[in-house]
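Q: need a structure here:
(chains A, B and C)
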Amino acid sequence: MLELLYAVVVGPVKDMLGAPTFLAEVVIGGLAAGLMYSLVALGFVLIYKASGVFNFAQGVMVLFAALTLVGLMERGAPLVAALALTMLVMGALAFAIERVVLRPLVNQEQIILFMATIGLNFFLEGFGELVWGSNVKRLDVGIPDSSFMLWGIQINRLEMTAALTAAVLVAVMAVFFQRTRIGRALRAVADDHEAALSIGIPLNTIWIVVWSVAGLVAIVAGIMWGAKSGVQFSLSLIALKALPVLILGGFTSVPGAIVGGLIIGVGEKLAEVYWGPLVGGAIENWFAYVLALAFLLFRPQGLFGERIIERV
Amino acid sequence: MRVDPSAGLTPMLEVQDISVRFGAVQALERVSLTIHRGEVVAIIGPNGAGKTTLLNVISGFYHPAEGRILFEGRDRTHLRPYDVAALGVARTFQNVALFKGMSVLDNIMTGRLLKMHGNVLLDALYWGPAKKQELEHRAFVERIIDFLEIEAIRKSPAGRLPYGLQKRVELARALAAEPKLLLLDEPMAGMNVEEKEDMCRFILGVNDEFGTTIALIEHDMSVVMDISDRVVALDYGRKIADGRPDEVRADQGVIDAYLGVAHA
Amino acid sequence: MIYREAGQFKSTYAADQAVFPIRQDRILVGLALVAAVVALPLVADEYWLQAVLIPFLIYALAALGLNLLTGYAGQVSLGTGGFMAVGAYSAFKLSSAFPWLNIIVVFLLAGLITALVGLMFGIPSLRIKGFYLAVATLAAQFFLVWLFNKVAWFTDYASSGTITAPPRTVLGVMVTGPEATAEVRYLTALILVGLFAVIAKNLVRGRVGRSWMAIRDRDIAAEIIGVRPLRTKLLAFAVSSFFIGVAGAEYVFLYLGSAETLAFDINLSFLVLFMIIIGGLGSILGSFLGAAFIVMVPIFLTNVPHLLDLAMPVALQKQIELMVFGGLIILFLIVEPNGLARLWQIGKEKLRLWPFPY
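A: Numbers count the residues shown, from 1 in each chain, chains lettered A, B, ... in the order given. Sure, this is the predicted structure:
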């Protein structure tokens, strides 16, 4: 019994403290991975904040964006042109989604919209594979996947770039939502579609704008993920991980998505490296979800989410 | 039914100095009232006065920050809503909380849940005692359906009914529980004159025939005058009047509250 | 004309509460049962039984279970695959540890174990609702699959990591294992799903079903009129998981023959969810219709190009399948959120008047 306690509690902590540089590397790796999750979660938050829709298909949109970008570049387009074209494609996708999926379901319950986005997820997966093929693709954005040393700790260039980009993106988003008129309109729409319509907010335009912005975020996320691990279908599974991030951070909070992502990223890495060997590894498959579940039991609205006050 | 409050019987419901806060908003402040067995009490007041909050506290949905609630003489302040229901309290809701996915009949049968004692295994077989019970409850519910004259719509999905009929079905569902105390939240909102007359007839009928104690929130003064034994007026979370309908109607504080005269 | 109800009066509540109050329906169901039990095994060939009918029956059972939880009680679950795995692996361990135990009993015990696991994962549902709950069920899905993967005890330390259904007989007839004929396995699955459908129907038309639907439609109002939310939700999780666990056991023992955890991944969860969305949430018939539909789509996509003499590569077929599934989900949610079951009902309404226009 004591042995078990030792192995589970004391041992890993000793390992952590015994090799601090390694610990730092694991943590940094976790932070970087976490930031990537945050990028995907950010797309969710945007769409949820603006249209009240929990877009299950966000992960697939990331994949689709990456696929389009890589596909165009493989056919000889230079990076900048490919980026521009991908943005157009994502914009068109946003338009199509608004027209075909969102508008007909405009005042249905959230769970119906959620299930519609699950359908969208599958559709885009099939469609993406159909158009661009199913083999893994390499995405080269001109940043080497090499490391440099800082204070004795190994840091990966690509991960750092991703982290910085994400940080910039988040700052821009935060300002956008809080300070601009459009941001305010978006928040009104998220609260109540019909009410927003009735005071003259152009719902359809707003939705297209938001889904396009989410598409942009998806492109960034797709580039970062794709450059790191190649563009392949497991990307959409990774995106499922964004869900626990949202639970931690709350569905409507941009800073929450970041903090949640970082916690999940670091937590996952630490769990896998230090506790994984005890149980045969691959804890990463479920750790994030169980962590989210634990959080939900104590704070059903997440760290930053709004308290849901139910009325009768 | 006129009940003499000094008859020495334990009051059906006593609300003592209840206070409820939502963050910075004081929804109810030291509100007290007593309802006697068999009375029909109307609760009136401008919008936002705290009337629905009061009903919600009595139902057990909110727990008061201060004060006590006594049901038939015993302290029931911190019960969960389903336990309050088990004590014999039934209610209707301001926004018609019917179960949209079920038929009218099923909605009313749901009201009867507390009287149904079941065994999941027997239910799964729908045989013997489970079937017998189901049919007995169906017979009881049919009597309520007759009483409220909604036979024609009993198989209709509740979500597709016109508003007035939905309110009637909600009343039926509340009655199915054979309650001692019936709480009605604006049972006649949105109804035309004829529908209101029908509703009044039903409410008085319930009070007369079954002796059910009734507390209702109502805005229509003529209805209040007609059917209530006593009227309680709330404004900004405080009780400002409590007495016979004609007394309360003439009360200056009540008139001011409705006309929106500012006061401390 | 043919489908008229006129003249069929109900003089007792018992008659009114019957499952098939209209005489024509009773005849139809009777015929369908006879066809299913007697005619089909004689007429259908090996391919149809193995590739279409048996999986249809098993998926229908799983869909039935999920529909009770999600369609009737309103608790969204994405953990169906994981729970089917619990059923399958429990059945495997039970049948290997107690080889003398009747295989049907093994299935039912596996269902019970799954019910207990479902109960555990259902406890959070009191505090968590809607898609938060869906994400919480994902925890169950990923954790359970990982568990069966990692802990070799579950596969009896097989080096291949797969579980295989051992040969077992019932009343002298081989029901599982390589020698069990498709007809026998089909009949077993049919009888089981039939029994479970009856149980499900009985539950939903009575007290239990009403308390589930009350929680689904307005959980707060339900609580105020006396429904006990935790008890009701836990019962839904338990019963639903029981059904799904038995379906999982059947999945390996009556259909696949052997399986590894990959067979129970999140795609299975989505598949069963699609079945109940397309078939109709909150409908017993819908669970069957949805299962039939989902099973038929890949069959359709495999065989139609063949008939039209078009060669379709397997990868393309899979992609079109995904697109069709996804597209249909969206279509159904827009056009008829109550699924095929409602379309069926509307069809019957029209049939009442046919051939008259109104």
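
Q: tell me the contacts of A:R299?
A: Neighbour list for A:R299: empty [criterion: C-beta atoms under 8 Å, 6 or more residues apart in numbering or on different chains]. Backbone N, C-alpha and C define where each C-beta goes, glycine included.

Q: what are the phi and psi angles of B:G243?
A: With angles defined as degrees, to the nearest 10, B:G243 sits at phi 180, psi -160.

Q: any idea how far it is from B:V254?
A: Noted for B:G243: a distance of 10 Å to B:V254, by C-beta to C-beta, to the nearest Å.

Q: so which of those two has more stuff around it?
A: B:V254 (21 against 14; other C-beta atoms under 10 Å in any protein chain shown).

Q: and the contacts of the helix or strand where that one lies?
A: When elements are assigned from DSSP states H and E, B:V254 belongs to helix B:252-259. Defining contact as C-beta under 8 Å, 6+ apart, one finds that helix B:252-259 is touched by B:44-46, B:49, B:233, B:235, B:240-241, B:248, B:263.

Q: so which of the residues you listed are in helices?
A: B:V248 (DSSP state H).

Q: neighbour-wise, which of the contacts of helix B:252-259 leads?
A: Neighbour tally across the contacts of helix B:252-259 (other C-beta under 10 Å): the maximum, 27 neighbours, falls on B:I44.

Q: and the closest residue to it other than its chain neighbours, how far from C:A60?
A: Spatial nearest neighbour of B:I44, chain neighbours left out: B:A233 (5.2 Å); criterion: C-beta to C-beta, 6 or more residues apart in numbering or on different chains. B:A233 is 60 Å from C:A60, where distance means C-beta to C-beta.

Q: kindly report the same for A:I111.
A: Distance, A:I111 to C:A60, using C-beta to C-beta: 23 Å.

Q: show me which of these two is the more surrounded one.
A: Remark: of A:I111 and C:A60, C:A60 carries more neighbours, 28 against 17, as counted by other C-beta under 10 Å.

Q: residue 87: helix or strand, and which one exactly?
A: As the question left the chain open, I've gone with chain A. Going by DSSP H and E, A:M87 is in helix A:79-97.

Q: try again with chain C
A: helix C:80-97.

Q: go on, B:E14?
A: strand B:13-22.

Q: residues near C:L28, how many?
A: Neighbour count for C:L28, taken as other C-beta under 10 Å: 13.

Q: so what's C:I329 up against?
A: A:115-116, A:118-119, A:122, C:274, C:277-278.

Q: and if you look at A:G280?
A: C:K150.

Q: and the lowest-mean-pLDDT helix or strand in chain B, what does it pack against?
A: Within chain B, no helix or strand scores below helix B:120-125, which has a mean of 72 by mean pLDDT, DSSP states H and E. With contacts defined as 3 or more C-beta pairs under 8 Å, 6 or more residues apart in numbering or on different chains; DSSP states H and E, the packing partners of helix B:120-125 are helix B:129-147, helix C:182-204, helix C:207-217.

Q: to A:M61, which of those helices lies closest?
A: A:M61 lies closest to helix C:207-217 among the helices and strands packed on helix B:120-125, at 30.4 Å (C-beta to C-beta).

Q: contacts for that closest one next, please.
A: B:98-102, B:106, B:109-110, B:113, B:116, B:118, B:120, B:123, B:134, C:68, C:72-74, C:203-204, C:221-222, C:225, C:227, C:229, C:232-233, C:235-236, C:282.

Q: repeat that for stretch C:132-145.
A: Residues from elsewhere that reach stretch C:132-145 (C-beta under 8 Å, 6+ apart): A:114, A:240, A:243-244, A:246-247, A:285-286, A:289-290, A:292-293, A:296, A:300, C:75-83, C:85-86, C:117, C:121, C:124-125, C:128, C:261, C:264-266, C:269.

Q: pick out the residue of the stretch 51-200 of chain A closest to chain B.
A: Taking C-beta to the nearest C-beta as the measure, the point where the stretch 51-200 of chain A comes nearest chain B is A:E109, at 10.6 Å.

Q: what about that residue, neighbour count?
A: Around A:E109 there are 11 residues (other C-beta under 10 Å).

Q: swap in C:I58?
A: C:I58 has 28 neighbours, counted by other C-beta under 10 Å.

Q: now do the end-to-end distance for stretch B:58-72.
A: Stretch B:58-72 has an end-to-end distance of 13 Å (C-alpha to C-alpha, to the nearest Å).

Q: tell me where the model's unsure across the stretch 101-250 of chain B.
A: By pLDDT under 70, the weakly predicted segments of the stretch 101-250 of chain B are B:126-127.

Q: residues near B:I69, how many?
A: Neighbour tally, B:I69, other C-beta under 10 Å: 21.

Q: now it. Nearest residue, chain neighbours left out?
A: By the measure of C-beta to C-beta, 6+ apart, the closest residue to B:I69 outside its immediate chain neighbours is B:T77, 4.8 Å from it.

Q: that neighbour touches B:H63, doesn't it?
A: Yes. Assessed by C-beta atoms under 8 Å, B:T77 is found in contact with B:H63 at 7.0 Å.

Q: between those two, point out the one with more neighbours.
A: Using other C-beta under 10 Å as the criterion, B:T77 and B:H63 rank with B:T77 on top: 17 against 14.

Q: part of a strand, is the more buried one?
A: No. Under DSSP: H, G, I helix; E, B strand; the rest coil, B:T77 sits outside any strand and is assigned coil.

Q: what's the pLDDT at it?
A: Turning to B:T77, the model gives it a pLDDT of 87.

Q: ok, now the one 10 residues further on?
A: According to the prediction, B:L87 has pLDDT 91.

Q: that one and chain A: what is the separation?
A: Using C-beta to the nearest C-beta, to the nearest Å, we find B:L87 at a distance of 18 Å from chain A.

Q: pretty sure that residue contacts B:R76?
A: Yes. Using C-beta under 8 Å, B:L87 is in contact with B:R76, at 6.7 Å.

Q: list the contacts for the residue in the stretch 251-358 of chain C positioned nearest to chain B?
A: The stretch 251-358 of chain C approaches chain B most closely through C:G282 (6.3 Å), counting by C-beta to the nearest C-beta. Contact analysis of C:G282 by C-beta under 8 Å, 6+ apart lists B:101, C:67, C:71-72, C:213, C:216, C:338.

Q: count of residues packed around residue 101?
A: You didn't pick a chain, so chain A it is. Residues near A:V101, counting by other C-beta under 10 Å, number 21.

Q: my bad, chain C
A: 13.

Q: for the stretch 1-150 of chain A, which segments count as helices?
A: Assigned by DSSP state H, counting those that start in this stretch, the helices in the stretch 1-150 of chain A fall at A:2-5, A:11-18, A:20-51, A:58-74, A:79-97, A:110-132.

Q: can you lay out these as JSON lines showing mean pLDDT?
A: Listed next are those as JSON lines, based on pLDDT from 0 to 100:
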{"stretch": "helix A:2-5", "mean pLDDT": "78"}
{"stretch": "helix A:11-18", "mean pLDDT": "77"}
{"stretch": "helix A:20-51", "mean pLDDT": "80"}
{"stretch": "helix A:58-74", "mean pLDDT": "79"}
{"stretch": "helix A:79-97", "mean pLDDT": "82"}
{"stretch": "helix A:110-132", "mean pLDDT": "81"}
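
Q: just the ones you listed: most buried one?
A: Most buried of the helices of the stretch 1-150 of chain A by mean neighbour count (mean count of other C-beta atoms under 10 Å in any protein chain shown) is helix A:58-74; its value is a mean of 26.

Q: please name the nearest non-neighbouring residue to C:K201.
A: In space, and not counting its chain neighbours, C:K201 is closest to C:I284: 5.3 Å by C-beta to C-beta, 6+ apart.

Q: what pLDDT does that neighbour get?
A: On pLDDT, C:I284 comes in at 92.

Q: what about it, how many neighbours?
A: 24.

Q: so what's the nearest residue to A:F114 once chain neighbours are set aside up against?
A: Closest residue in space to A:F114, ignoring its immediate chain neighbours: A:F54 at 4.9 Å, by C-beta to C-beta, 6+ apart. For A:F54, the contacting residues are A:44, A:48, A:110, A:113-114, A:117, A:251, C:131, by C-beta under 8 Å, 6+ apart.
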